[in-house]
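*Asks:* Turn this into a structure:
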Amino acid sequence: MVIGSIHSYTCADCGQTHESWPALTYSSPTHYNDLSEEETIGCLEGDFCTITHEDQTDRFIRVVMTIPVNNHCDDLNYGLWVSVSEKTFRDYQENFHKEEHEASYFGYVCNNLLGYEDTLSVPSTVVTQPDNRRPMVFPFDDFEHPLVQDFYHGISKEEAERRIEEMIRITS
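*Replies:* Now for the predicted structure:
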């Protein structure tokens, strides 16, 4: 694989070589990944995930986050999960196939994003997108965390490429 001026990578899912930066994606929330194989309390279906505990149900939706890359034409995209309230989960589910549904929700990041220590529970605003695209997530700008700083101020091209190479190494 060559990263840099060529920007090509081999996709772990389809095996094809692509000519742009990949999104750094997480197939499920960390909370779901932490369940043992014996636990049948988790349900992961497409862009929705629930974990039903004895006293509560945790709900998650799939979203995207874009980190700007300074002095470069590409941005670094993450595909991740956020936890949301029952009301938000139901509203998003009910309107999931409505192309022009517009809403914003409160949620917490529920993946430990590559390049950061402990990004679980970074408070965020989730904004739905037209044409059935996944919602965008915007961390609260007043929350003290390196992810928030990078989201609003960007990262270097070298840092973005390092994260991409590390993710490809992990998923290969």
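*Asks:* got any ranges where the protein has weak pLDDT?
*Replies:* For the chain, applying pLDDT under 70 flags the ranges 1-19, 172.
*Asks:* Longest helix in it, please.
*Replies:* helix 157-171 (DSSP state H).
*Asks:* buried stuff in it?
*Replies:* 157, 159, 160, 161, 163, 164, 167, 168 (16 or more other Cβ atoms under 10 Å). No exception for glycine: its C-beta is placed from N, CA and C like everyone else's.
*Asks:* Tell me how far the second one lies from residue 71.
*Replies:* So that's residue 159. Distance, residue 159 to residue 71, by Cβ to Cβ, to the nearest Å: 12 Å.
*Asks:* tell me which element residue 20 is part of?
*Replies:* Assigned by DSSP states H and E, residue 20 belongs to no helix or strand.
*Asks:* and the gap between it and residue 131?
*Replies:* Relative to residue 131, and taking Cβ to Cβ, residue 20 is found at 20 Å.
*Asks:* more crowded one of the two?
*Replies:* The neighbour comparison of residue 20 against residue 131 (other Cβ atoms under 10 Å) goes to residue 20, with 9 against 6.
*Asks:* That one reaches residue 74, doesn't it?
*Replies:* Yes: counting by Cβ atoms under 8 Å, residue 20 sits close enough to residue 74 to count as a contact (7.0 Å).
*Asks:* which residues in the chain form helices?
*Replies:* Ranges of helices within the chain are 30-33, 86-94, 146-153, 157-171, based on DSSP H.
*Asks:* what sits against the residue most central in space within the chain?
*Replies:* Per Cα atoms, centre = their mean, the C-alpha nearest to the average position across the chain is that of residue 80, at 1.6 Å. The neighbourhood of residue 80, defined by Cβ atoms under 8 Å, 6 or more residues apart in numbering, consists of 25, 26, 62, 63, 64, 65, 109, 110, 111, 113, 137.
*Asks:* wait, doesn't the fifth one sit right on residue 79?
*Replies:* So that's residue 64. Yes: Residue 64 lies in contact with residue 79 (Cβ under 8 Å); the separation is 5.6 Å.
*Asks:* between those two, what contacts are shared?
*Replies:* With contacts defined as Cβ under 8 Å, 6+ apart, the residues shared by residue 64 and residue 79 are 23, 134.
*Asks:* buried sites along the longest strand along the chain?
*Replies:* In the chain, with assignment by DSSP state E, the single longest strand is strand 57-67. For strand 57-67, the neighbour count (16+ other Cβ under 10 Å) marks 58, 59, 60, 61, 62, 63, 64, 65, 67 as buried.
*Asks:* Same check on stretch 110-122?
*Replies:* Buried residues in stretch 110-122 (16+ other Cβ under 10 Å): 110, 111, 113, 114, 115, 119, 122.
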